[in-house]
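Peer 1: structure for the following, please:
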Amino acid sequence: MRKSSVNRCADGAGIFPAPDQPEKENASAELEVLATGYCRVDNGRIVRADERFCAALGYEKSGDLVGKPFEDLIHPDDLGFAMMQRASGSGSPSILPVFRLRDKSGHSVWFHMPSDTNGRRRQTGYTGYLLDGTPLGVFLNSLQESLRRYETILDDVDIHLGELDLAGNMTFVNDAGCRMWNLPRERLIGLSSRSYLDSPTWDRITTIYRDVYRTGIPVKNIVLEVKSIGGGKRTIETSVSLMRGPDGIVKGFRNVTRDITDKRESEKKLAEHRSRLEAIFGSVKDAILTVDPELTVIDANASTETICGIGVKGIAGKPLSSCQTKCGQACRAVLKQTLEKKTAVREYRIECDHKFRPQQVVSVSSSPLMDPLGNFLGAVLVIRDITLIRDVERELRERNSF
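Peer 2: Modelled structure (predicted):
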């Protein structure tokens, strides 16, 4: 087999002729099949260009290009990238040196400038072939458009998405993260986690991150008190997972974070309000029982056990019919009326037939249970023991009868 005199880039994408080898002409012939044009650049200027190279850029003859600065052909947006690749010789093995040239009419044409990987770069210039990168350019355009769409999605969500390196410095943050910290992205990138964590919290989060690094298992819903960079304190809830590079090596951490300061404050106020209501609910002497539209118990206070003989511990969620009582359950008819007609019943007198309080008489009131939006949730039953009042009334009638 003939030994090829063609040097290929490490990524196999570009090809350069090897001028020191005797089979140069054969190698050039092979390149002619792939290349759209040939040129030589010396001291930053084009010194040679073939007909196909000229035609690809809209020039009639090589004389129109010879002597022209090669940089003038490169699209302004790609100039820095192209010069970086050219200056680095072989370039980065993970980045294809694909950039745009502008033809005579100013339209963009994608080209691939092969890299010299054998380390013998000339000091004053280089010779090679520009391979037609138009199909690849179309693919890259499509890829860039997809990336823009994904970036838009990431920035539109109202959750802080971020990445940290292994030292705990922020390397990526979406728009929601900028809003949460009230800082521009330029200030946040490179920011150390220590800047918004006190020492105990830093020690705690460091332990968590080390466990994630060691086990590879994400940790979710970590609640932290952090120092707001603008002053004050905030409460955040974050989840942490590993971030790996294409080679599978751990590069850092990804986190998904929500600012729950307002939520925690609302929960605290709600808990305080509920405690006050429960204190009032428990201290009322009347029995109070709430049920849903299917007559399933929602809640009952302690006086319900005294007046009705129903054990209130664990009663929530049970059908009222299954609750053992010491009475005739005559009040159920009142509840059913309220549930069916969604109207209130006021001070309906009932003799309970209570097993242990046979003379007990109660006044029953029932009202529809509504939420703040006016949705029907069930009914609330209030039972007042009026046995003493009944006895006093009876005694007064007996006295007046004489």
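
Peer 1: pretty sure residue 384 contacts residue 361?
Peer 2: No: in this structure residue 384 lies outside contact range of residue 361 using CB atoms under 8 Å: 9.9 Å. For every residue, glycine as well, the C-beta is placed using N, CA and C.

Peer 1: let me see the mean pLDDT of the strand or helix carrying residue 143.
Peer 2: Element membership of residue 143, judged by DSSP states H and E, is helix 134-156. Mean pLDDT, helix 134-156: 77.

Peer 1: got it, and stretch 184-195?
Peer 2: Stretch 184-195 comes out with an average pLDDT of 89.

Peer 1: give me the contact list for it.
Peer 2: By CB atoms under 8 Å, 6 or more residues apart in numbering, the residues outside stretch 184-195 that reach it are 164, 167-173, 177-178, 181, 202, 205, 227, 229.

Peer 1: so which pair among those residues is furthest apart in space?
Peer 2: Spatial extent of the contacts of stretch 184-195 (CB to CB) is set by the pair 178 and 202 at 22.6 Å.

Peer 1: what mean pLDDT does stretch 228-246 get?
Peer 2: On average, stretch 228-246 scores 85.

Peer 1: run the chain-centre distance for that stretch.
Peer 2: What separates the centre of stretch 228-246 from the centre of its chain is 12 Å, taken as CA atoms, centre = their mean, to the nearest Å.

Peer 1: tabulate the CA atom coordinates of that stretch in PDB.
Peer 2: Provided in PDB are the C-alpha atoms of stretch 228-246 (Å, rounded to 0.1, in the frame of the first residue of the first chain):
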ATOM      1  CA  SER A 228     -28.600  38.800  50.200                       C
ATOM      2  CA  ILE A 229     -25.800  40.500  48.200                       C
ATOM      3  CA  GLY A 230     -27.600  43.700  48.400                       C
ATOM      4  CA  GLY A 231     -28.100  43.400  52.100                       C
ATOM      5  CA  GLY A 232     -30.500  41.500  54.400                       C
ATOM      6  CA  LYS A 233     -31.200  37.700  54.400                       C
ATOM      7  CA  ARG A 234     -33.200  35.500  52.100                       C
ATOM      8  CA  THR A 235     -34.400  31.900  52.300                       C
ATOM      9  CA  ILE A 236     -33.700  29.700  49.200                       C
ATOM     10  CA  GLU A 237     -34.500  26.100  48.300                       C
ATOM     11  CA  THR A 238     -31.900  24.400  46.100                       C
ATOM     12  CA  SER A 239     -31.200  21.100  44.500                       C
ATOM     13  CA  VAL A 240     -27.700  20.000  43.500                       C
ATOM     14  CA  SER A 241     -26.500  17.500  40.900                       C
ATOM     15  CA  LEU A 242     -23.100  16.700  39.200                       C
ATOM     16  CA  MET A 243     -22.000  18.400  36.000                       C
ATOM     17  CA  ARG A 244     -19.800  16.300  33.800                       C
ATOM     18  CA  GLY A 245     -17.800  17.100  30.700                       C
ATOM     19  CA  PRO A 246     -17.900  15.200  27.300                       C
END
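
Peer 1: mind listing what's buried in it?
Peer 2: Of all the residues in stretch 228-246, those buried under the rule 16 or more other CB atoms under 10 Å are 234-238, 240, 242-243.

Peer 1: next one: stretch 38-53
Peer 2: In terms of neighbour count (16+ other CB under 10 Å), stretch 38-53 has its buried residues at 38-41, 45-47, 49-50, 52-53.

Peer 1: hmm, back to that, and which of the buried residues of stretch 228-246 is nearest residue 284?
Peer 2: Among these, residue 235 lies closest to residue 284 (CB to CB), at 35.5 Å.

Peer 1: without its sequence neighbours, what residue ends up closest to residue 74?
Peer 2: Using CB to CB, 6 or more residues apart in numbering and skipping residues adjacent in sequence, the residue nearest residue 74 is residue 82, 5.0 Å away.

Peer 1: now whichever strand or helix holds that neighbour: average pLDDT?
Peer 2: Assigned by DSSP H and E, residue 82 belongs to helix 79-87. What helix 79-87 shows for mean pLDDT is 72.

Peer 1: now stretch 390-399
Peer 2: Throughout stretch 390-399, pLDDT has a mean value of 76.

Peer 1: for it, list the C-alpha coordinates in CSV.
Peer 2: C-alpha atoms of stretch 390-399 as CSV (Å, rounded to 0.1, in the frame of the first residue of the first chain):
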residue,chain,number,x,y,z
ARG,A,390,-84.7,24.7,79.3
ASP,A,391,-84.8,23.7,83.0
VAL,A,392,-84.9,27.4,84.0
GLU,A,393,-87.7,28.1,81.6
ARG,A,394,-89.6,25.1,82.9
GLU,A,395,-89.2,26.2,86.5
LEU,A,396,-90.3,29.7,85.7
ARG,A,397,-93.4,28.4,83.9
GLU,A,398,-94.3,26.2,86.9
ARG,A,399,-93.9,29.2,89.3
